[in-house]
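*Asks:* 3D model of this:
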Amino acid sequence: MFNKSQTELIRYLRRKQGTYTIPNSVTSIGLGAFYGCRGLTSVTIPNSVTSIGLGAFQECTGLTSVTIPNSVTSIGEVAFYNCSGLTDIYCHIEEPLTITTNVFSYVPTNTCMLHVPIGSKVKYQAADIWKDFLNIVEDLPTGIVSIDNSQSTIDNDVWFTLNGVRLNGKPTIPGIYIVNGKRVVIK
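*Replies:* Numbering: from 1, shown residues only. Sure, this is the predicted structure:
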């Protein structure tokens, strides 16, 4: 269920099972929107979302993975309270958000993998609450830089495909690549 303008996800059906991708029209996930959705296993939050409300995913014990985009600027109290099945959190936010101590209460922070943008691991290891995750992996690309094939400012850097395969020099085929921890579009 959404508000009239489809910008707030108010309630997700508890009986629904499996994965869910929140529509791009949504800018906020409301208070307890997914509360007790035990059959929900994975949720992808789009870049349109800026806030995750209080208790938004509370007691979603079947939830194993969640993707949080870099557009999110606030995560409410007990947002992921008792999401005891979480094994992977993909957090695309480069600077760790300041969150309350109970956002991840009863999440298995000793085994759950916290995936963060390349170059952000040390920040997350030092940030309150986030540092409770024992398995922080920096494997998410950072922002996109758009360049033309004619530009030579980063010709001598090490280039990778999105799958992590190292290339021999700057690619000549149009596509998306990773260089210096950033996604780069070759036109």
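*Asks:* Look at residue 152 and report its pLDDT.
*Replies:* Residue 152 is assigned a predicted lDDT (pLDDT) of 42.
*Asks:* before we move on, what about residue 181?
*Replies:* 74.
*Asks:* What is the neighbour count of it?
*Replies:* Residue 181 is flanked by 15 other residues according to other C-beta atoms under 10 Å. The C-beta positions use only the backbone N, C-alpha and C, and glycine is treated the same way.
*Asks:* Residue 111 now?
*Replies:* For residue 111, the count of nearby residues is 11 (other C-beta under 10 Å).
*Asks:* Could you tell me what pLDDT the model assigned to it?
*Replies:* Residue 111 is given a pLDDT of 97.
*Asks:* mind showing which ranges of the chain have poor pLDDT?
*Replies:* The chain contains residues with pLDDT under 70 at 143-156, 163.
*Asks:* Let me see the ranges of the strands in it.
*Replies:* Counting by DSSP state E, the chain has these strands, from start to end: 8-9, 18-21, 28-29, 40-44, 51-52, 65-68, 74-75, 88-91, 113-117, 135-140, 142-147, 159-161, 175-179, 182-186.
*Asks:* mind listing what the third one pairs with, with the direction of each?
*Replies:* Spelled out, that is strand 28-29. Take DSSP bridges as the rule and strand 28-29 pairs in its sheet with strand 8-9 (parallel), strand 51-52 (parallel).
*Asks:* still on that earlier bit, out of the strands of the chain, flag the one nearest residue 97.
*Replies:* Residue 97 lies closest to strand 74-75 among these, at 6.1 Å (C-beta to C-beta).
*Asks:* name the helices or strands packed onto that closest one?
*Replies:* With contacts taken as 3 or more C-beta pairs under 8 Å, 6 or more residues apart in numbering; DSSP states H and E, strand 74-75 sits against strand 51-52.
*Asks:* ok, 7 Å please
*Replies:* Using 3 or more C-beta pairs under 7 Å, 6 or more residues apart in numbering; DSSP states H and E, no helix or strand is in contact with strand 74-75.
*Asks:* how far away is the closest residue to residue 135 other than its chain neighbours from residue 65?
*Replies:* Here the nearest residue to residue 135 in space, its sequence neighbours aside, is residue 113; by C-beta to C-beta, 6 or more residues apart in numbering that works out to 4.7 Å. Per C-beta to C-beta, to the nearest Å, residue 113 is found 9 Å from residue 65.
*Asks:* Equivalent analysis for residue 164, please.
*Replies:* Going from residue 164 to residue 65 by C-beta to C-beta gives 20 Å.
*Asks:* So the two - more neighbours on which side?
*Replies:* Remark: of residue 164 and residue 65, residue 65 carries more neighbours, 18 against 8, as counted by other C-beta under 10 Å.
*Asks:* Quickly list what's touching both of residue 113 and residue 65.
*Replies:* 87-88 (C-beta atoms under 7 Å, 6 or more residues apart in numbering).
*Asks:* Can you give me every residue that contacts residue 139?
*Replies:* By C-beta under 7 Å, 6+ apart, the residues touching residue 139 are residue 115.
*Asks:* Noted, bye for now.
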